[in-house]
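J.: what would the 3D arrangement of this be:
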Amino acid sequence: MLDFNHYVQKFRASPGQNDAAAYDVKIVTVPGAEWRVIGVHLLTGDENGGKRNVFIEPIDASGKRVAGVVVEYTWEGRRPDEPAPPTALDKPPNEVAGNIPLGAGQVATVWIRGTSDRVSGLTTSPNIPDVPGATRFHQSHLVVFQRGSAAPPPPPPPAGDCTAYIVRIAKLESAIADAVSRLEALRTSAGTIVFILKNA
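T.: Coordinates of the predicted model:
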C-alpha cells in the first residue's frame with residue numbers, strides 16, 4: 001500500500017527528487033510556474049499492487065492538500081481524435097488526491113491546469129525486472145506538485161542603475177517641496193483676500 005504522505009514529507013524536505021530519472025522520467029520546469037514538481041517516485045511492487053496509474057498529489061507551501069485542482073495530460077503518439085479529459089484531484093484525504101490511468105505502452109506527460117511544471121516519460125513499462133505487484137505494463141508513479149508563486153520576485157536593479165534612481169528620487173522630492181511652497185503661498189494669499197473682503 002502506498003504511503004503517499006511519507007513521500008510528500010520527503011519531497012518537501014528535499015524538493016526535486018526523481019527516483020524514476022534512470023528510466024527517462026523527466027521533470028520539465030516552466031519559468032514562473034505556479035505549480036512546481038517537488039518529487040517523482042516509481043512505486044515498489046508492495047506499493048503498486050498491480051496498478052498502472054500516475055498518482056498525483058497537489059500541496060500548498062505548508063504541505064496541505066489543495067482543493068479544486070485539475071490535472072491534465074497527454075501521451076506520445078496521441079491522435080487528434082483520442083480524448084484526454086482533464087481529471088479533478090478530489091479523492092478523500094486517506095487516498096492520493098487523484099490519478100491518471102495508463103494503457104500498456106503509453107508514455108505520458110502530466111501537469112496541473114494553469115502554469116505548471118510537467119513530468120514526461122511516465123510509462124507502465126520502465127526497463128526494470130518484474131517483481132510481485134509491479135510487472136511489465138503494470139507500473140505506477142507518484143508525482144507531487146507544490147503550489148508556489150506564479151512569478152518569481154524581480155531581480156535587483158544593476159548597480160549602474162542605482163545612481164539614476166537616486167537622481168530621480170531627488171528630483172521628485174524637489175518637485176514635491178516646490179508644490180508644497182506654492183500651496184502654502186496660495187493659502188496665505190487666500191487668507192489675506194478673505195480678511196480684506198470681510199473688512200471692506
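
J.: so where do the strands sit in the chain?
T.: Secondary structure of the chain by DSSP state E: the strands cover 17-18, 26-28, 35-42, 53-59, 70-75, 87-88, 98-101, 107-112, 118-123, 141-147.

J.: what about Gln9, neighbour count?
T.: Using other CB atoms under 10 Å, Gln9 is surrounded by 12 other residues. C-betas here are computed from N, CA, C, even on glycine.

J.: just the strands of the chain: most buried one?
T.: strand 141-147 (a mean of 26; mean count of other CB atoms under 10 Å).

J.: domains in the protein, by residue range?
T.: 4-147, 155-200 (automatic domain parsing).

J.: average pLDDT for the last one?
T.: Put plainly, it is domain 155-200. Domain 155-200 shows a mean pLDDT of 63.

J.: hang on, the earlier thing: tabulate the strands of the chain (JSON lines), appending distance to Asp178.
T.: Output for the strands of the chain, formatted as JSON lines (distance: least, CB to CB, whole Å):
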{"stretch": "strand 17-18", "distance to Asp178": "60"}
{"stretch": "strand 26-28", "distance to Asp178": "55"}
{"stretch": "strand 35-42", "distance to Asp178": "49"}
{"stretch": "strand 53-59", "distance to Asp178": "54"}
{"stretch": "strand 70-75", "distance to Asp178": "56"}
{"stretch": "strand 87-88", "distance to Asp178": "60"}
{"stretch": "strand 98-101", "distance to Asp178": "62"}
{"stretch": "strand 107-112", "distance to Asp178": "53"}
{"stretch": "strand 118-123", "distance to Asp178": "56"}
{"stretch": "strand 141-147", "distance to Asp178": "48"}
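
J.: which of the ones you listed sits closest to Phe11?
T.: strand 35-42 (3.0 Å; CB to CB).

J.: what about the helices in the protein?
T.: With DSSP state H as the criterion, the chain has helices at 4-13, 45-48, 159-198.

J.: which one of the strands of the chain lies nearest to Val180?
T.: Proximity to Val180 (CB to CB) singles out strand 141-147 among these, at 46.4 Å.

J.: the closest one to strand 70-75, inter-axis angle?
T.: 130 degrees (axes from the mean of the first three to the mean of the last three CA atoms, to 10 degrees).

J.: who does strand 141-147 pair up with?
T.: Neighbouring strands of strand 141-147 in its sheet, by DSSP bridges, are strand 35-42 (antiparallel), strand 53-59 (parallel).
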